[in-house]
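In: Fold the following.
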Amino acid sequence: MTFRRAAGMTAQKDGSAPGARHVVAGVLLAAAFLSPSAGFAERLTAVIPKQTIYPGEAIDASRLEVVDVTNPDLTDGYIRTLSEIDGKVSKRTLLPGRVILASALREQYAVERGSTVRLVFSNGGLTISAAGSPLQDAAIGDLIRARNIDTGVIVSGTVMADGTIHVVAK
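Out: Sure thing, here's the model as predicted:
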């Protein structure tokens, strides 16, 4: 697009034309309205299940579809893209054709109650390792309680990505 300087415009002391800022602002504003990537022109989408998903089931993209949101009164807090739901597990029953609320999802558990895990305590150069059993299900980064299988002592620790529990000092 070509722009021409109006005949009545003269240069100011600093070399800029009077009203040039207004022209530039107008051009930028027009570009924002015509741009398909403008924020207000963006379509709202929501992820919905194609079939019933029960609590505890891992959510698979083949069981979901992305649809346009047609209800302007739909409250926020629902899943908009498939990337938001990747690797999550349902906390409650998800019905077909209904939006999936973010609060209805959780991360997959790294340790499960009653399984055998490795408890690790580190303090400076000292590292103690023992077999333990988590007293609850937990995802990576959760602080949980676990029982030392050998002594029966209950300790608290943080679940790590490798499935171990790093015990915290009392």
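In: tell me the phi and psi of Thr75?
Out: Here is the backbone geometry of Thr75 (degrees, to the nearest 10): phi -70, psi 160.
In: The one 5 residues further on now?
Out: Per-residue torsions, Arg80: phi -100, psi -30 (degrees, to the nearest 10).
In: confidence score at the residue lying closest to it once chain neighbours are set aside?
Out: With sequence-adjacent residues excluded and distances taken as CB to CB, 6 or more residues apart in numbering, Arg80 is closest to Thr45, at 5.5 Å. C-betas here are computed from N, CA, C, even on glycine. At Thr45, the model reports a pLDDT of 89.
In: so what's Thr45 bridging to?
Out: Under DSSP bridges, the beta-bridge partners of Thr45 are Asp68.
In: need the contact list for it.
Out: Listed by CB atoms under 8 Å, 6 or more residues apart in numbering, the contact set of Thr45 reads Val66, Val67, Asp68, Val69, Arg80, Thr81.
In: same check, this time on Ser129
Out: By CB under 8 Å, 6+ apart, the contact set of Ser129 is Arg118, Leu119, Val120, Phe121.
In: Give the pairing partners of the host helix or strand of it; include direction for each.
Out: For Ser129, the element it lies in under DSSP states H and E is strand 126-134. Strand pairing for strand 126-134, determined by DSSP bridges: strand 117-123 (antiparallel), strand 143-148 (antiparallel).
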